[in-house]
Every structure is written in structure tokens, then in C-alpha cells.
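# Could you work out the structure for the sequence below:
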Amino acid sequence: MRKLIFQIMISLDGYFEGPSGQIDWHTVDEEFNDYAVDLLNNSDILLFGRKTYEVMVAWWPTAEALKNDPIVAGKMNSLQKFVFSRTMKHADWHHTQLIKENAAAEILKLKEERGEYMVIFGSPNLALTCMEHRLIDEYRVIVSPVFLGSGHTLFEGISDRTGMELKSTRTFTSGNVLLTYALK
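Residues are numbered from 1 along each chain as shown. Predicted coordinates for the structure are as follows:
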């Protein structure tokens with residue numbers, strides 16, 4: 001059975017993006033890239049909601065991404081991807097399948113297959129759906145050393161209190177702190 005990891009970066013004041021969707025405050029350096037490569041090397045499926053997919057497909061297949069970050073770009077472009085959206089008509093990124101209905105059921109089917117990790121990068125609405133169905137095995141929240149003052153908070157609309165168990169922490173020299181949790 002595959003393990004589903006949800007990973008997201010948030011500001012110190014709890015926002016995953018600025019008021020207009022800005023993520024230019026994300027602290028990404030060589031140390032962070034090494035961490036990302038390790039995660040991608042142990043994964044074989046990436047899951048996205050529509051908005052995160054649009055951000056990812058606008059960057060990773062570009063010549064600039066392939067030049068500036070060839071290892072991560074290569075992994076992002078070669079891994080199997082699923083995008084969950086009721087409004088998209090097609091998903092053109094290499095190795096991407098569009099799922100329009102029953103996200104939780106489709107993800108459960110993928111979890112039941114043999115394979116490496118499945119990872120949700122960002123995509124808080126998709127993650128909320130998975131959280132409600134108890135599909136996420138590991139939550140990786142990266143706290144970035146910045147205050148945004150406003151934006152969109154993580155898991156807006158969560159309906160039930162959910163206890164988490166801290167599994168590990170990692171501090172990056174940039175000031176990012178990775179907090180890894182699992183359900184209690």
C-alpha cells in the first residue's frame with residue numbers, strides 16, 4: 001500500500017499563499033532542493049488540485065526550469081501526475097491524468113496499489129478532501145520565516161478537531177522548519 005504525503009509551506013502567521021495567490025516568499029535554496037530531490041526520488045505519483053497544477057505546469061516544463069533546476073524539473077516532469085478538477089477540460093503536462101469526480105475514491109484506489117510515496121504539493125482543497133477521508137499518512141508543514149499579514153489559511157473549512165502526533169522536525173539554514181505529523 002502506498003503512503004500519501006501532504007506537503008505545504010506556510011508563513012509564520014499561518015498563510016500558505018498571499019491574498020492574490022503569491023508564493024514568491026517561499027524560501028528555496030540548495031539545502032531545500034536536496035530535501036525536495038530526496039522526496040521526489042522516493043515518490044512515484046504527484047497529486048494536484050487545479051490551482052496548484054496550473055502553477056506547476058507553468059514552471060516545471062519550461063526551458064528556464066530545466067536550465068536552473070534540472071534535477072527537480074526532470075523529476076517533476078517525468079513522474080506520473082494526477083490533477084483533480086471538475087472545471088478543467090484537459091491536462092497537457094507529460095504523464096498527467098485528469099480526474100473530474102470522486103477524488104477520495106480515486107486516491108484510495110491509488111493508495112491500494114503497490115508503489116512508492118504519493119505526494120500532494122500544496123493543493124489545500126484536495127488535501128482537505130483527503131484529510132476528511134483520513135487518506136493522508138503524513139503531513140509535512142514547512143514553516144517559512146516570514147509574516148505575510150494576510151492571505152489564505154491552511155485547511156480553511158475544516159469541520160472537526162483532529163489530533164496530530166509530531167513525528168520529526170528539521171531546521172534548514174534558511175530558517176525554514178519542517179514539521180512532520182501523522183494522525184494520532
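# Quick check: buried residues in stretch 101-114?
Neighbour-count burial for stretch 101-114, counted by 16 or more other Cβ atoms under 10 Å, picks out 103, 106-107, 110-111. C-beta here means a position set from N, CA and C on the backbone, and glycine is covered the same way.
# what's the answer for stretch 131-146, then?
131, 135-144, 146.
# Among the residues you listed, name the least confidently predicted one.
Within the buried residues of stretch 131-146, pLDDT reaches its minimum at M131, with 91.
# on that earlier part again, dump the buried residues of stretch 131-146 to a markdown table, plus distance to K89 and secondary structure.
Below are these laid out as a markdown table (distance: Cβ to Cβ, whole Å; DSSP: H, G, I helix; E, B strand; the rest coil):
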| residue | distance to K89 | secondary structure |
| --- | --- | --- |
| M131 | 28 | helix |
| L135 | 26 | coil |
| I136 | 28 | coil |
| D137 | 32 | coil |
| E138 | 33 | strand |
| Y139 | 32 | strand |
| R140 | 32 | strand |
| V141 | 33 | strand |
| I142 | 32 | strand |
| V143 | 36 | strand |
| S144 | 34 | strand |
| V146 | 36 | coil |
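# Can you list the strands that the helix or strand where L46 lies pairs with?
Taking DSSP states H and E as the definition, L46 sits inside strand 43-49. Sheet pairing for strand 43-49, assigned by DSSP bridges, gives strand 80-84 (parallel), strand 117-121 (parallel).
# Now tell me what touches that strand from outside.
2, 4-5, 56, 76, 79-85, 107, 110, 115-126 (Cβ atoms under 8 Å, 6 or more residues apart in numbering).
# got a list of contacts for stretch 18-26?
9, 11, 17, 51, 55, 144, 146, 148, 150-152.
# Out of the residues you listed, flag the one nearest to V37.
For these, the minimum distance to V37 (Cβ to Cβ) is 16.5 Å, reached by M9.
# Bridge partners for the residue lying closest to that closest one once chain neighbours are set aside, pull those for me.
Nearest residue to M9, sequence neighbours excluded (Cβ to Cβ, 6 or more residues apart in numbering): I142, at 4.3 Å. Under DSSP bridges, the beta-bridge partners of I142 are M9, L178.
# hang on, isn't I142 packed against G175?
No: assessed by Cβ atoms under 8 Å, I142 is found out of contact with G175, at 10.7 Å.
# any idea how far the most centrally placed residue in the chain lies from T169?
Nearest to the mean C-alpha position of the chain, by Cα atoms, centre = their mean, lies F121 at 0.9 Å. From F121 across to T169, the span is 20 Å (Cβ to Cβ, to the nearest Å).
# ok, back up a step: mind putting the contacts of stretch 18-26 into a markdown table with distance to D92 and secondary structure?
Compiled in a markdown table, these are given as follows (distance: Cβ to Cβ, whole Å; three-state DSSP):
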| residue | distance to D92 | secondary structure |
| --- | --- | --- |
| M9 | 26 | strand |
| S11 | 32 | strand |
| E17 | 24 | strand |
| K51 | 16 | helix |
| V55 | 15 | helix |
| S144 | 31 | strand |
| V146 | 33 | coil |
| L148 | 32 | coil |
| S150 | 33 | coil |
| G151 | 29 | coil |
| H152 | 26 | strand |
